[in-house]
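**Student:** compute the structure for the input listed below.
(chains A and B, ligands or ions: 1)
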Amino acid sequence: MYEKPLPVIDPESQPYWDALKQHRLLLKHCRACERFHHYPRELCPHCHSDDLEWKQAAGTGRIYTYTVARRPAGPAFKPDAPYVVALVELDEGPRMMTNIVTTDVESVRIDQRVTVQFDDVTPEVTLPKFTVSPV
Amino acid sequence: MKKREAVIVGVADVPLQNGKVTESLSVLQVQARAARDALKDAGLSMGDVDGLLTAGMWGVPGPGQLPTLTLAEYFGITPRYMDATNIGGSAFEAFVAHAATAIEAGRCDVALITYGSTQKSEKSRNLAGRPSVLTMQYETPWGMPTPVGGYAMAAKRHMHEYGTTSTHLAEIAVATRKWAQRNPAATMRDPLTIDDVFASPMISDPLHLLDACLVTDGGGAIVMTTAEHARALGRPPVYVRGYGESNTHWTMSGMPDLARLTAAEIAGREAFRMAGIGHDAIDVAQIYDSFTITVLLTLEALGFCKRGEGGAFVSGQRTAPGGAFPLNTSGGGLSCCHPGMLGIFLLIEAVRQLRGECGERQVQNARTALVHGTGGTLSSGATCILSRS
Ligand SMILES: [Zn+2]
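**Tutor:** Residues are numbered from 1 along each chain as shown, chains lettered A, B, ... in the order given. Model (predicted):
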């Protein structure tokens, strides 16, 4: 039984989470200004155009910043502590909240290259997480 | 010269013991007592109040969802100006600005600003994260400890970009405690050293437990009116010289730059421009200290030092009693009280400093004070510049 908080999927986010179930990470791309954004929105947060499309992300990026959670975010995360919560900057530009999956939390550093991995936490929900890419 | 000029004419907070209200009180009682005392301080009564401004996390879901309606009824008043703008802990700096604008425009004559929390007594503080609906579905599932995790990630990034150290952050906690030791009303008054901060548990790297604010109850109120009315009441007015507010994000992934408080830069610039003064004119500062890193980032954003130089700015106990930059003279959120939203208490302390009521912690000849609130997770910022003349 998975007891951690799950996303409450809504009509806007359904395509994002559906794609993750198929192990694909989607980003919204703006045809007007050619920039990507995350999380997915109805209007481009950069130029406010509504001319948007979904595109598949490469799934690679770098650690922009992170923290080692020594005190867990509630009881469900307690068995995982210490664990790494990070903001990853994708190669397409946007940042996303995620975990760095590692057996050595002390080895994590800002600017490390990372690659997405897909964690099927329930039959409905797959969470994108990242591992440090081999150098 | 302005026809009507807004001033702060009354302040009050509710006494705490060990971080709790001294007797068992509801969150409405807490605010009623603070309001009663602030109005008494102003020489006014509840019947004079025609503007009500409040924000809080109490009573949600329930009557706290519409807090000005609930409180106006509870207080027995029928306001003609209301503001429940909830931008987090900085809401109260924004309220002083909004009330000043309303008073000067003739929308109300006596504005009452209140805040209350009984989170410690009720043990109601929720640390398990925000419901993962709407934008939070992209943040909450990964288990960032809230609120500390966002501040920790900002601190990591600042350290990476500028070489800021845990010692720099601890300097802030230690200096703030020295002020609290001079404030009989402060919750934490035991001596504190940088080594003590390092010896406290690491909760979310690089932040230790003693880099974090307290969790307490609290209640406060502020009364504003026109300068002319204050003179008639024979009360010392505190003038509102400048203000500004802004916001950049709510999710951490949406924060434009984690080593920089863009909202505080905008709010501060606007406040200084309106006041028509420079940084040298600030005699005492009250800056939101949810965490030590919040203070360091805000000092840079407000322009008291250059970006990246916050560590050097706070080194050598420069913000402690006797230092060059008196900061958070009540003991702040780190050592005095932090009832969920701190903003009103920063304002109350600034007013007391400007009136010369602070006893052992009084900053000599404090004429001009800067107050800056931060809300959300380094999200919103609101600045007020206050003066006694
Ligand atoms: Zn665009």
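**Student:** which element is the closest residue to A:I9 other than its chain neighbours on?
**Tutor:** Excluding the flanking residues, the one nearest A:I9 by CB to CB, 6 or more residues apart in numbering or on different chains is A:W17, at 5.1 Å. C-beta coordinates here come from the backbone N, C-alpha and C atoms, glycine included. According to DSSP states H and E, A:W17 maps onto helix A:14-21.
**Student:** gap between the next helix or strand after that helix and the chain center?
**Tutor:** Scanning forward in sequence from helix A:14-21 by DSSP H and E, the next helix or strand is strand A:26-30. Taking CA atoms, centre = their mean, to the nearest Å, one finds the center of strand A:26-30 at 13 Å from the center of the full chain.
**Student:** over to stretch B:332-341?
**Tutor:** That offset, for stretch B:332-341, works out to 9 Å (CA atoms, centre = their mean).
**Student:** what about that stretch, how long is it end to end?
**Tutor:** 12 Å (CA to CA, to the nearest Å).
**Student:** can you check stretch B:190-204 too?
**Tutor:** Stretch B:190-204: ends 24 Å apart by CA to CA.
**Student:** now do the buried residues in it.
**Tutor:** Buried positions in stretch B:190-204, judged by neighbour count with 16 or more other CB atoms under 10 Å in any protein chain shown: B:192, B:194, B:196-197, B:200, B:202-204.
**Student:** try stretch A:94-105
**Tutor:** A:94-100, A:105.
**Student:** is the ion within reach of that stretch?
**Tutor:** No: Stretch A:94-105 stays out of contact with the ion when judged by CB under 5 Å from the ion, the minimum separation being 12.2 Å.
**Student:** who are the packing partners of the helix or strand encompassing B:I113?
**Tutor:** Under the criterion of DSSP H and E, B:I113 resides in strand B:111-117. The elements that strand B:111-117 packs onto, with contact taken as 3 or more CB pairs under 8 Å, 6 or more residues apart in numbering or on different chains; DSSP states H and E, are helix B:27-42, strand B:51-54, helix B:91-104, strand B:218-226, helix B:343-355.
**Student:** please name whichever of the ones you listed is nearest to B:T70.
**Tutor:** helix B:27-42 (7.6 Å; CB to CB).
**Student:** tally of neighbours for B:L66?
**Tutor:** Counted with other CB atoms under 10 Å in any protein chain shown, residues neighbouring B:L66 total 14.
**Student:** meant to ask about A:D50
**Tutor:** Using other CB under 10 Å, A:D50 is surrounded by 11 other residues.
**Student:** spatially nearest residue to it (excluding sequence neighbours)?
**Tutor:** Counting by CB to CB, 6+ apart, the residue nearest A:D50 is A:L43, at 5.6 Å.
**Student:** contact partners for the one you found?
**Tutor:** A:L43 makes contact with A:49-50, A:52 under the criterion CB atoms under 8 Å, 6 or more residues apart in numbering or on different chains.
**Student:** out of these, which are close to the ion?
**Tutor:** A:S49.
**Student:** which other helices and strands contact the helix holding A:W17?
**Tutor:** Looks like helix A:14-21 contacts strand A:26-30, strand A:52-56, strand A:126-132 (3+ CB pairs under 8 Å, 6+ apart).
**Student:** turn those into TSV, including distance to B:M57, mean pLDDT and mean neighbour count.
**Tutor:** Listed next are the helices and strands packed on helix A:14-21 as TSV, based on distance: least, CB to CB, whole Å; pLDDT from 0 to 100; neighbours: other CB atoms under 10 Å in any protein chain shown:
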stretch	distance to B:M57	mean pLDDT	mean neighbour count
strand A:26-30	32	98	21
strand A:52-56	34	98	13
strand A:126-132	28	98	20
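**Student:** tabulate the ones you listed (TSV), appending distance to B:P339.
**Tutor:** Shown next, in TSV, are the helices and strands packed on helix A:14-21 (distance: least, CB to CB, whole Å):
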stretch	distance to B:P339
strand A:26-30	39
strand A:52-56	42
strand A:126-132	34
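**Student:** which residues touch the helix holding A:W17?
**Tutor:** Against helix A:14-21 from outside (CB under 8 Å, 6+ apart): A:7, A:9, A:25-26, A:39-40, A:54, A:56, A:118, A:120, A:124-128.
**Student:** ok now it, how far from the chain's centre?
**Tutor:** 12 Å.
**Student:** which residues touch the closest residue in space to A:H38 that isn't next to it in sequence?
**Tutor:** Closest residue to A:H38 apart from its sequence neighbours, by CB to CB, 6+ apart: A:P94 at 3.7 Å. A:P94 is in contact with A:27, A:36-38, B:253, counting by CB under 8 Å, 6+ apart.
**Student:** so which of the residues you listed is the closest to the ion?
**Tutor:** A:H37 (7.8 Å; CB to the ion).
**Student:** for that closest one, grab the count of nearby residues.
**Tutor:** A:H37: 21 neighbours (other CB under 10 Å).
**Student:** again, but for the one 3 residues further on
**Tutor:** As a burial measure, A:P40 scores 16 neighbours (other CB under 10 Å).
**Student:** and the closest residue to it other than its chain neighbours, bridged to which residues?
**Tutor:** Spatial nearest neighbour of A:P40, excluding adjacent residues (CB to CB, 6+ apart): A:K28 at 4.4 Å. Bridge pairing for A:K28 (DSSP bridges) gives the partners A:H37, A:W54.
**Student:** contacts only, for A:K28.
**Tutor:** The neighbours of A:K28, taking CB under 8 Å, 6+ apart as the test, are A:36-38, A:40-41, A:44, A:52-55.
**Student:** got the end-to-end distance for stretch A:97-109?
**Tutor:** Start-to-end, stretch A:97-109 (CA to CA) is 16 Å.
**Student:** strands of the stretch 251-389 of chain B, start to end?
**Tutor:** B:284-287, B:368-375, B:380-387 (DSSP state E, counting those that start in this stretch).
**Student:** give the other helices and strands that the first one contacts.
**Tutor:** To tie it back to what came earlier, the one meant is strand B:284-287. Strand B:284-287 packs on helix B:292-301, helix B:343-355, strand B:368-375, going by 3+ CB pairs under 8 Å, 6+ apart.
**Student:** just put the ones you listed in JSON lines and tack on mean neighbour count, distance to B:V27 and mean pLDDT.
**Tutor:** Shown next, in JSON lines, are these (neighbours: other CB atoms under 10 Å in any protein chain shown; distance: least, CB to CB, whole Å; pLDDT from 0 to 100):
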{"stretch": "helix B:292-301", "mean neighbour count": "28", "distance to B:V27": "25", "mean pLDDT": "98"}
{"stretch": "helix B:343-355", "mean neighbour count": "26", "distance to B:V27": "14", "mean pLDDT": "98"}
{"stretch": "strand B:368-375", "mean neighbour count": "28", "distance to B:V27": "19", "mean pLDDT": "98"}
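**Student:** okay if I get these as TSV plus distance to chain A?
**Tutor:** Listed next are the helices and strands packed on strand B:284-287 as TSV, based on distance: least, CB to the nearest CB, whole Å:
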stretch	distance to chain A
helix B:292-301	11
helix B:343-355	25
strand B:368-375	18
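**Student:** confidence score at B:N126?
**Tutor:** Per-residue confidence (pLDDT) for B:N126: 55.
**Student:** so of the buried residues of stretch B:190-204, which ones are in helices?
**Tutor:** Residues of those located in helices (DSSP state H): B:194, B:196-197.
**Student:** out of those residues, which is nearest to chain A?
**Tutor:** B:V197 (15.4 Å; CB to the nearest CB).
**Student:** the residue of chain A most remote from its centre: what's it in contact with?
**Tutor:** The C-alpha centroid of chain A is most remote from A:A32, which lies 24.4 Å away (CA atoms, centre = their mean). Contacts for A:A32 (CB under 8 Å, 6+ apart) come out as A:44, A:47, A:49, A:51.
**Student:** much appreciated, bye for now.
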